[in-house]
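*Asks:* sharing a model prediction with you, sequence too.
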Amino acid sequence: MIHTYRARLIFYNALLMIFLVSILGYTYIYSHNVIIEEAEIYSLNLSNLLRSNIEMEEEKLQHYTEVVRDDLIIQEYMFITTEISGEKEALWSLYRRNFGWLPIQRTAFIANDGKAIVGEEHRDLIQAVNNRTGMAREGAFYFQGKEDFERVTWARIYFQDAPRGIVALTHPLDRTWLERHHFFGGYYLLVDDNGRISLSNLPDAEGQRFQPDNGLITINERAYHVRAIPLSNKDEENERLWLAISEQELLDKLARHSSLILLLALVGGTAILITGLLIIRNFNRPLQQLMQITQAVTEGELPKLQKSSATDEINTLVNRFAEMLTALRSKQAEVERVHRELEENAITDALTGLYNRRHLTDLFPKLLAQAQREEKWLCGLLLDLDYFKRINDEHGHPAGDRCLAHAGELLRELSRASDYIFRIGGEEFLMLSINDSAEGALVLAEKIRRSFEIKECKTGGAAIPMTTSIGVSCADPDHPAKQALSSLLSQTDKALYRAKALGRNRVVAFSEIEETTL
């Protein structure tokens, strides 16, 4: 047994030094094996990550193409241009006005006969699209254009259920694109053009011969592991993009990593040794521990302190501190629990358990920002229980409260994880829902209305039928959050008033009121 502080500290310092040296040796061996012996697995993981990123970019470009395709005015102009011999410049002007903000390189509109409507100067692109479209409605492929290796997405435009042509958008896989994807670190990208490197973020690689041998190539007397990054199509362009990992750079990284570990180990070992000698000389480790804990407590922290089995005066004091910290942590946990309950009560309605109007003003800006990021609609559904005063008069206020709670339960059952429900008045409820389109909110509102109509409120042995009127509108993403919320509440309230005026138990969209007014 080691009974003195001096002996204990010397022993612990020696163990720690052995541990640091062991970590250094193990880290070096492990890093060497990972970088050298498992380079294939490493490159495969990087390839999968890059492929996933390419797929996401391809989906984004395809989405832009679909946005252009689904534009009703574009469809109408395509019909006019192809069937009534309208001006092509009008179609091009409309596209630039509505979609000039799209981050794309080239655009082409192609008639059913394969001739260019817009983009006659892009003959290589038009020919490539004509060679690949066939009878499909949309698609994506890669090809070598006049200047860049490009990603192409296309979609067939319909008007009155008849195909009127094709829109094609491109995005280049140029040097800027390669550099942007270099942040993964430790690898380079090469574009193969018939056995020559046509584009790369590897210095001095462009123009070099590209003939991989068992997954290895040599460029400027340096070896690289290469792996093909499969693109979305299955034609001759499928293996044009390659990932390259420098074997020498990986070894250099290993050397730098090992040097850093050694330096940290030496610095840490020296610090441990000096600190141990100072503590040994003064025999103040327990006192230093108590001072640190006291400082932590003054800063608002409650660290854990292990009790000691020793019975000397210092360790007895340590045990008393440990008991005090345990008691303080218990009190702090109770205070935090009460605080959480108070916060929850501040934002929820006591009767229904739904969010209250106060939380609506706090939460709405976040939901509006989320909808803008995801390019979706933030819609509001304002509900009012029909003839609620009659329920209170005929069955009493306790039954009315039960009906309100029943309404809250129904709304929670019908809501999705991304929906938020608020009780904003006596019998008025608001649901905020993020949807792909305004029609999705109307579908949800009709579903809620039917559920209220079907499911009666059971209270005191009686079944009370309930219906609801619902006004629906969507927030304007171009307005500030406060103005957008005020406008949304005003519009849903007008739509709700219209639903009541039409006989209740129905859904009315604010857009319907606007159309009627117009």
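*Replies:* The structure has been received and is ready for your questions.
*Asks:* alpha carbons only for contacts and neighbour counts from here, please
*Replies:* OK.
*Asks:* can you give me the buried ones in stretch 204-218?
*Replies:* Residues of stretch 204-218 classed as buried under the neighbour-count rule (16 or more other CA atoms under 10 Å) are 205-206, 208-210, 216-218.
*Asks:* may I ask which two of the residues you listed are separated the most?
*Replies:* Using CA to CA, those reach their maximum pairwise distance at E206 and L216, which is 17.0 Å.
*Asks:* residue boundaries of the strands in the stretch 301-450 of the chain?
*Replies:* Per DSSP state E, counting those that start in this stretch, the stretch 301-450 of the chain has strands spanning 355-356, 377-385, 420-423, 428-435. These are given in chain order.
*Asks:* tell me which of the ones you listed sits nearest to W92.
*Replies:* Comparing those by their distance to W92 (CA to CA), the top pick is strand 377-385, with 28.3 Å.
*Asks:* so what strands line up beside that closest one?
*Replies:* Taking DSSP bridges as the criterion, strand 377-385 sits next to strand 428-435 (antiparallel), strand 468-474 (antiparallel) in its sheet.
*Asks:* distance from the chain centre to the last one, please.
*Replies:* The chain centre lies 29 Å from the centre of strand 468-474; the measure is CA atoms, centre = their mean, to the nearest Å.
*Asks:* following the chain onward from it, which element is next?
*Replies:* Scanning forward in sequence from strand 468-474 by DSSP states H and E, the next helix or strand is helix 481-501.
*Asks:* list the contacts of that next one.
*Replies:* Helix 481-501 is contacted by residues 361, 364-365, 368, 380-384, 469-477, 505-510, 513 when judged by CA atoms under 8 Å, 6 or more residues apart in numbering.
*Asks:* which of those are buried? Put it as a PyMOL command.
*Replies:* Applying 16+ other CA under 10 Å to the contacts of helix 481-501 leaves a buried subset, and the PyMOL line that selects it is:
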select buried, resi 364+365+368+380+381+382+383+384+469+470+471+472+473+474+475+476+477+505+506+507+508+509+510
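*Asks:* most tightly packed of the strands of the stretch 301-450 of the chain?
*Replies:* Mean neighbours per residue, mean count of other CA atoms under 10 Å, is largest over the strands of the stretch 301-450 of the chain for strand 377-385, with a mean of 27.
*Asks:* how much space between the residue nearest to D192 when sequence neighbours are not counted and F210?
*Replies:* Closest residue to D192 in three dimensions, ignoring its sequence neighbours and counting by CA to CA, 6 or more residues apart in numbering: R240, at 5.0 Å. Applying CA to CA, to the nearest Å, one obtains 11 Å for the distance of R240 from F210.
*Asks:* need the residues touching each of the two.
*Replies:* Counting by CA under 8 Å, 6+ apart, the contacts common to R240 and F210 are D192.
*Asks:* ok, so of the buried residues of stretch 204-218, who is nearest P398?
*Replies:* L216 (79.6 Å).
*Asks:* who are the packing partners of the helix or strand containing R96?
*Replies:* For R96, the host element (DSSP H and E) is helix 88-99. Where contact means 3 or more CA pairs under 8 Å, 6 or more residues apart in numbering; DSSP states H and E, helix 88-99 is packed against helix 72-83, strand 116-118.
*Asks:* what strands flank the next helix or strand after that helix, and is each parallel or antiparallel?
*Replies:* Read in the C-terminal direction, the helix or strand following helix 88-99 is strand 106-110, with elements assigned using DSSP H and E. Applying DSSP bridges, strand 106-110 is found paired with strand 116-118 (antiparallel), strand 162-172 (antiparallel).
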